[in-house]
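Q: Got a predicted model here, sequence first, then my questions.
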Amino acid sequence: MAGRKVGIVGTGAVGATAAYSLVMMGSCEEIVLFDIVEGVAQGKAIDMGQAAHYSPKGTKVTAVKSAAEMKDCDIVVITAGVPRKGEMTRADLLMINAKIMKNVVDDVAKNSPDAIIICVSNPLDVMTYVIHKMTGWERNRIIGMAGALDGARMAYQIYQTLGYGLTQTGDLVIGDHGQNMIPLPSKVQVGSVNASELLTQEQMEQIIERTKNGGAEIVKHLGTSGYYGPGRAVAHMVEAILDNSRIVVSSSVLLQGEYGYSDVCVGVPVVLGRNGVEEIIQIDLDEETQAKFKISVESIQDNINILIENKFFE
C-alpha cells in the first residue's frame with residue numbers, strides 16, 4: 001500500500017489506544033481521527049502528534065470534524081457505538097448502534113471507496129454484517145476484530161498457568177465475540193510444543209473459562225472495559241494489512257459456505273494481508289466444537305433477525 005493512511009472513527013479509549021499504538025510503532029504515514037464528541041479527536045490528535053516526536057517514524061496525526069472529511073484512507077477502523085445502559089433492551093442497543101454504523105459507513109464508502117474496514121463496534125459480529133449489507137463491498141475488505149483480542153486473552157491465561165512462553169503462544173478463538181466464543185487452547189502451541197502436552201484437561205477448561213470472562217474481569221477492577229488489549233489487537237491487524245504480512249488471525253468475516261454456514265459474520269481463522277482477508281482457513285472441528293460453533297452462529301443470527309424484523313435493511 002502506497003499511502004499507508006489510516007482513519008479511526010470513534011476516539012474513545014479503544015480507538016485512541018489503537019491510534020497511539022500505531023504512532024508508537026511507526027506503522028503508518030498518516031492517522032486521521034474522528035469523534036462525534038466535539039474537540040475529543042482534535043485534542044487527542046495534538047497529544048499523539050507530540051508523542052510522535054519519540055516514535056520510529058514521524059507519523060502525521062490529524063483530526064476531522066465530520067466522518068465525511070476522512071478521505072482516501074487505505075484502512076478505516078470503526079469503533080463508534082454506545083454501550084448498553086439501564087433499561088435498554090438488546091433490541092434497543094442493536095438498533096441504536098446499527099443506525100450509528102449506517103451513518104458512518106455511508107461516509108466511509110463515499111470518501112474512502114477503496115478502503116479496508118476493520119469493525120470494532122459491538123455487538124461485533126452483527127455490526128460487521130451490517131457493514132457488508134450497507135456497502136455491498138467484497139467480503140475480503142470488511143473484517144471484524146474479535147479473535148485478535150480474545151486470542152491474546154487466551155495466550156495470557158496460558159502464560160499465567162505455565163509461567164513461560166507468552167509471546168510464543170498461539171491464540172485461536174473462534175465463534176462470536178461474546179459469551180458463546182470458543183477458545184481452543186488444545187489447537188495451539190507454546191513455541192513448537194502443543195499446548196495439550198503442557199496443560200491438563202482441567203487447566204484447559206479453566207483457561208477457556210477465564211478467556212471467556214477476560215473482559216468482565218477487567219470491568220470488575222476498572223469499572224470500565226479494557227482498552228490496551230483491544231487497541232493493540234486493532235493495531236496488530238492494521239499492521240498486517242499495511243505490511244502484507246499474511247499472518248493467521250481469527251476475525252469475524254462473512255461466510256459463504258465455509259464451515260457449513262452462509263450470510264452470517266462469525267469469527268474464524270483467516271490470513272490477513274494487503275487485500276484484507278486473503279484466505280479463510282477451514283480447520284477440522286470435532287463434534288463438540290461443531291455443536292458450540294452452531295450455538296455461536298445461531299446467537300449472531302438471532303441478532304441479525306432482530307434488525308430484519310425492525311426493517312433496518314429496507
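A: Ah, there it is.
Q: And the pLDDT for the residue nearest the centre of the chain?
A: In the chain, the C-alpha nearest the mean C-alpha coordinate belongs to Met145, at 1.3 Å (Cα atoms, centre = their mean). The per-residue pLDDT reported for Met145 equals 98.
Q: residue boundaries of the helices in the stretch 101-250 of the chain?
A: For the stretch 101-250 of the chain, the helices defined by DSSP state H, counting those that start in this stretch occupy 124-135, 147-162, 201-212, 214-222, 228-242.
Q: if we can go back for a sec, not counting its neighbours along the chain, what's nearest the residue nearest to the centre of the chain?
A: Val120 (4.9 Å; Cβ to Cβ, 6 or more residues apart in numbering). Heads up, the C-betas are built off the backbone N, CA and C, glycines and all.
Q: re earlier: need the winner for burial among the helices of the stretch 101-250 of the chain.
A: Ranked by mean neighbour count under mean count of other Cβ atoms under 10 Å, the helices of the stretch 101-250 of the chain are led by helix 124-135, which reaches a mean of 24.
Q: Now it - C-alpha only, CSV.
A: This file holds the C-alpha atoms of helix 124-135, laid out as CSV (Å, rounded to 0.1, in the frame of the first residue of the first chain):
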residue,chain,number,x,y,z
LEU,A,124,-19.2,-7.1,16.8
ASP,A,125,-20.3,-9.9,14.5
VAL,A,126,-23.7,-8.2,13.8
MET,A,127,-22.1,-4.8,13.2
THR,A,128,-19.6,-6.4,10.8
TYR,A,129,-22.6,-7.9,9.0
VAL,A,130,-24.3,-4.5,8.9
ILE,A,131,-21.3,-3.0,7.2
HIS,A,132,-21.4,-5.8,4.5
LYS,A,133,-25.1,-5.0,3.8
MET,A,134,-24.6,-1.2,3.8
THR,A,135,-21.6,-1.2,1.4
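Q: Centre of the chain to it, how far?
A: 13 Å (Cα atoms, centre = their mean, to the nearest Å).
Q: can you state the direction angle for it and helix 147-162?
A: Angle of helix 124-135 versus helix 147-162, following axes from the mean of the first three to the mean of the last three Cα atoms, to 10 degrees, is 160 degrees.
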